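Colleague: Whatever this is, show me its structure:
(2 chains)
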Amino acid sequence: MSVHLSNLFRGYSGRRVLDGLSLDIAAGEFVALIGRSGSGKTTLLRAIAGLDDEVEGEGVVEVPDNRSVLFQDSRLLPWLSVLQNITLGLRVTDADERGRATLADVGLGGREDAWPSQLSGGEQQRAALARSLVRHPDLLLADEPFGALDALTRSRMHDLLFRLVERYRPTVLLITHDVDEALILADRVLVMERGGIVLDRAVSLPHPRRRSDARLDWVRDELLGALGIALESADSHRH
Amino acid sequence: MPVDDAYPREAFERPLGPAGLRDLRSRPRRRVRLAPRRLPPAAILFGPALLLVVWEIASLAGWLSPRILAAPTTAAITGFDMLKTGVLGDHLLASAKRAYLGLGIGVAAGLICALAAGLTALGEALLDGLVQIKRAIPTLALIPLGILWLGIGDAMKVALIATSVFIPIYINTHAGLRGIDFRYVELAQSLDLGRWEFLRRVILPGALPGFLTGLRLAVTMCWTSLVVLEQINATNGIGYLMNRARDYGQTDVLVVGLAVYAILGLVSDAGVRLVERRVLSYRKALGS
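Modeller: From the prediction side, this is the model:
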């Protein structure tokens, strides 16, 4: 088991964001997490990443030490070259070599010495992916990493992410707004609502998958249903 | 009304060639210019040059008595003579020693205090309030105390220059540290950066633009403070030179002194900007 969470509570100023959540993720599994804004997705990811020291909460969090986070923004430091960004905090003797190899993997070979601001949005996000993977993480946590990209770039990033995950073999938890993104990439899709997981669905279709694959239709309906029910009940609460 | 009548048919049939383009140009549209025209870099010299010409003419015509203000050419000749005899060089060297010694001490102290206040809670509690109080007190008001404590010699002058330079360095570096994007701190945390690496890779480069802004202010400020301080018991320095010129009514020497201050200020500023452009070269890509 790669990730084991049980009875996880997190809250901000009295409001419960994670409400007794439990979750197990097997090593090497690719899990996508969808849910409305405010359902607690990001809080969950930050709890797993260990980035929530200042948040009140309790519960069991067992995760690998060697984990890396892919943020929604590329978060490259503007004053470091692309290569320096990738190898930041990488404590191995051949850091530069590994950085170059990983940059080549994401299609940024030859851009080692560029400043981040000289890269396009898609390239910046690929560099961020390289920074995550160069550490050969046991667990890759991605918080809507393609949300800010245009549709074509995003679909290329899906292919790239899938290929690299095959190669580097981390366990993946991908947060997304995009049901299709979840269906194309993940072995398992979770729907989150009000601090808990309301649907846990395995998707066992072989890769590569196409958005238009009819076999995905019923899963998509189920997921949208789960999100939709959440929406309706949220509406009825408001009235 | 049918669409066909609203647009002449030829409007759709006109080829997209040069003829069509010329046709567009034949109906000029006046566009309001919102931003001022871009000027060549040398254009900022126009104002100063005009001032010099008017000043020279006024002196030649006798409207401006040399007792009020010497003509620019007279001052230039005086300055050249002083340079040739080495008088100007000696005084300049004496001033520069005081100014840059004070600058060095003030910059070092400002930087250390800004880092202490920006990176530790204790430092913030201890230093920030004190600096804000010091900021509200003009340097000139500290002269009497400075004299009582350090005498009327160079130590007092250097110390007061250092305290005045300290302020812009501290304020701007501290603001730079405070302004570092929290997302970068979070990134450093997720990458498990050590304290030293975090400081070297994230904090210091992040605060560098603020520090350099402070330095630009400081390099001109050290000379400004000197003007006043060299009027106290000095036997050399540009300020002393000007003071003596006032006693003798030598307006040409006064103009030379002012010109020296202006040149020093501009050159120092240009020097810092040059450094800025080199160490912040990653920003150039943003602007282009």
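Colleague: Quick one: name whatever helix or strand follows the host helix or strand of residue B:101.
Modeller: Using DSSP states H and E, residue B:101 falls within helix B:87-119. The element immediately downstream of helix B:87-119 (helix or strand, assigned by DSSP H and E) is helix B:121-123.
Colleague: Show me what that next one is packed up against.
Modeller: helix B:87-119 (3 or more Cβ pairs under 8 Å, 6 or more residues apart in numbering or on different chains; DSSP states H and E). All C-beta spots, glycine's among them, are computed from the backbone N, C-alpha and C.
Colleague: what about the helix holding residue B:101, distance to the chain center?
Modeller: Relative to its chain's centre, helix B:87-119 lies at 15 Å (Cα atoms, centre = their mean, to the nearest Å).
Colleague: Please identify the buried residues of it?
Modeller: Buried residues in helix B:87-119, counted by 16 or more other Cβ atoms under 10 Å in any protein chain shown: B:88, B:91-92, B:94-96, B:98-103, B:105-107, B:109-111, B:113-118.
Colleague: Would you mind listing what in chain B touches chain A?
Modeller: Within chain B, the residues that sit near chain A (Cβ under 8 Å from any Cβ of the partner chain) are B:183-184, B:186-194, B:197, B:201-202, B:205-206, B:208, B:280, B:282-283, B:285-286.
Colleague: Now that we have the residues you listed, which of them are buried?
Modeller: Buried positions within the residues of chain B next to chain A, assessed by neighbour count (16+ other Cβ under 10 Å), are B:184, B:186-188, B:190-193, B:201-202, B:205-206, B:208, B:280, B:282-283.
Colleague: Specify the local secondary structure of residue B:197.
Modeller: Following DSSP: H, G, I helix; E, B strand; the rest coil, residue B:197 is assigned to helix.
Colleague: ok, it - contacts?
Modeller: Going by Cβ atoms under 8 Å, 6 or more residues apart in numbering or on different chains, residue B:197 touches A:88, A:89.
Colleague: Mind doing that once more with 10 Å?
Modeller: With contact set as Cβ atoms under 10 Å, 6 or more residues apart in numbering or on different chains, residue B:197 has these partners: A:88, A:89, A:91, B:188, B:191.
Colleague: What of residue B:118?
Modeller: For residue B:118, the contact set (Cβ under 10 Å, 6+ apart) comprises B:124, B:127-128, B:170, B:173-180, B:203, B:207, B:210.
Colleague: what's around the closest residue to residue A:23 other than its chain neighbours, how many residues?
Modeller: With sequence-adjacent residues excluded and distances taken as Cβ to Cβ, 6 or more residues apart in numbering or on different chains, residue A:23 is closest to residue A:5, at 4.6 Å. Applying other Cβ atoms under 10 Å in any protein chain shown, we find 20 residues neighbouring residue A:5.
Colleague: and residue A:5, what is it in contact with?
Modeller: Residue A:5 makes contact with A:18, A:21-25, A:44, A:47-48, A:59-63, A:197, according to Cβ under 10 Å, 6+ apart.
Colleague: make it 7 Å
Modeller: Contacts for residue A:5 (Cβ atoms under 7 Å, 6 or more residues apart in numbering or on different chains) come out as A:21, A:22, A:23, A:59, A:60, A:61.
Colleague: ditto for residue A:181
Modeller: Neighbouring residues of residue A:181 by Cβ under 7 Å, 6+ apart: residue A:158.
Colleague: make it 10 Å
Modeller: Residues counted as contacts of residue A:181 (Cβ under 10 Å, 6+ apart) are A:32, A:34, A:144-147, A:154-155, A:157-158, A:161, A:174, A:211.
Colleague: now swap in residue B:227 and tell me
Modeller: Residue B:227 makes contact with B:95, B:237, B:238, B:239, B:242, B:243, B:257, B:258, B:261, according to Cβ under 10 Å, 6+ apart.
Colleague: do you know how far it is from residue B:241?
Modeller: From residue B:227 across to residue B:241, the span is 11 Å (Cβ to Cβ, to the nearest Å).
Colleague: what is in contact with those two at once?
Modeller: Jointly contacting residue B:227 and residue B:241 under the rule Cβ under 10 Å, 6+ apart are B:95, B:257.
Colleague: how would you label residue B:31: helix, strand or coil?
Modeller: Counting by three-state DSSP, the backbone at residue B:31 sits in coil.
Colleague: how about the residue most central in space within chain A, phi and psi?
Modeller: Residue closest to the average C-alpha location in chain A (Cα atoms, centre = their mean): residue A:142, at 2.1 Å. Note on residue A:142: backbone dihedrals following degrees, to the nearest 10 are phi -120, psi 120.
Colleague: Settle this for me: it is touching residue A:42, isn't it.
Modeller: No: with contact defined as Cβ atoms under 10 Å, residue A:142 does not count as touching residue A:42 (11.4 Å).
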